[in-house]
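**Student:** model the following, please.
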Amino acid sequence: PGVFATIPEGFFSPLSSVNRAHYAALLVLYWRTFQEFPRGVERSVLIARFAEYVTRSRTPMADDAEVSDLAEAGRGDTEEGAGDRGLFDPDEAVSEEPSRAIAGRFLRVLVAAGWVSIEALEDYTRMVNVTPWSRPFFEALARIDEGLGAEYESHVVAVYSLLCSDA
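**Tutor:** I've put the predicted structure just below:
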């Protein structure tokens, strides 16, 4: 069946959008938060961390219509989205804190793209979980963010010094 039979259609769209650097940073931030809370991250905790990122970020955030359409599609009345409709409150976008509103928008895009899913528990707590197909991509993004290139750089220097040394 192939990779694209499993991965949702818009899965890579956040990473190919105008705000791709922000989405990549937020995905790594989510993955690190998920490592702290392996049973799922409370949505409120994640929104707070995303809002902190938005506040600290010096890179401008462009209005990305294509990815915003993906988030709006995630709000629809489709069979799959019907259970999630209540999770995306329209009033949420009109927040007193603009950084929280932007963080909520970024999270909606990641949910709509299939990177994460939101689960409502019996006590109405909303948890953000990793989707099965996104786990390897999260691990790869985290390793790249940690400086995967530096791991090989030392090997190149060692080989070069061995070849060029007098020994």
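**Student:** please count neighbours and contacts with C-alpha atoms only from this point.
**Tutor:** Fine.
**Student:** which ones are touching the nearest residue to residue 99 once chain neighbours are set aside?
**Tutor:** Among residues not flanking residue 99 along the chain, residue 51 sits closest, at 4.9 Å (CA to CA, 6 or more residues apart in numbering). Shown in contact with residue 51 (CA atoms under 8 Å, 6 or more residues apart in numbering): 99, 100, 102, 103.
**Student:** again, only using 6 Å
**Tutor:** 99, 100, 103 (CA atoms under 6 Å, 6 or more residues apart in numbering).
**Student:** can you show me the strands along the chain?
**Tutor:** Secondary structure of the chain (DSSP state E): strands located at 41-42, 116-120, 126-130.
**Student:** got a markdown table for the ones you listed, with mean neighbour count and distance to residue 5 too?
**Tutor:** Output for the strands of the chain, formatted as a markdown table (neighbours: other CA atoms under 10 Å; distance: least, CA to CA, whole Å):
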| stretch | mean neighbour count | distance to residue 5 |
| --- | --- | --- |
| strand 41-42 | 20 | 27 |
| strand 116-120 | 19 | 18 |
| strand 126-130 | 20 | 18 |
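**Student:** any idea how far the residue sitting nearest the centre point of the chain is from residue 44?
**Tutor:** In the chain, the centroid-proximal residue (CA atoms, centre = their mean) is residue 27; its distance is 2.9 Å. According to CA to CA, to the nearest Å, residue 27 and residue 44 sit 16 Å apart.
**Student:** which of the contacts of residue 51 fall in helices?
**Tutor:** Among the contacts of residue 51, DSSP state H puts 99, 100, 103 in helices.
**Student:** residues near the second one, how many?
**Tutor:** As a burial measure, the neighbour count of residue 100 was computed by other CA atoms under 10 Å and equals 23.
**Student:** so what's it up against?
**Tutor:** Counting by CA under 6 Å, 6+ apart, the residues that residue 100 touches are residue 51.
**Student:** measure it to residue 137 for me?
**Tutor:** In terms of CA to CA, residue 100 sits 26 Å off from residue 137.
**Student:** hang on, the earlier thing: export the ones in helices among the contacts of residue 51 as TSV, with columns for distance to residue 115 and pLDDT.
**Tutor:** Formatted as TSV, the ones in helices among the contacts of residue 51 follow (distance: CA to CA, whole Å; pLDDT from 0 to 100):
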residue	distance to residue 115	pLDDT
99	21	89
100	20	92
103	15	93
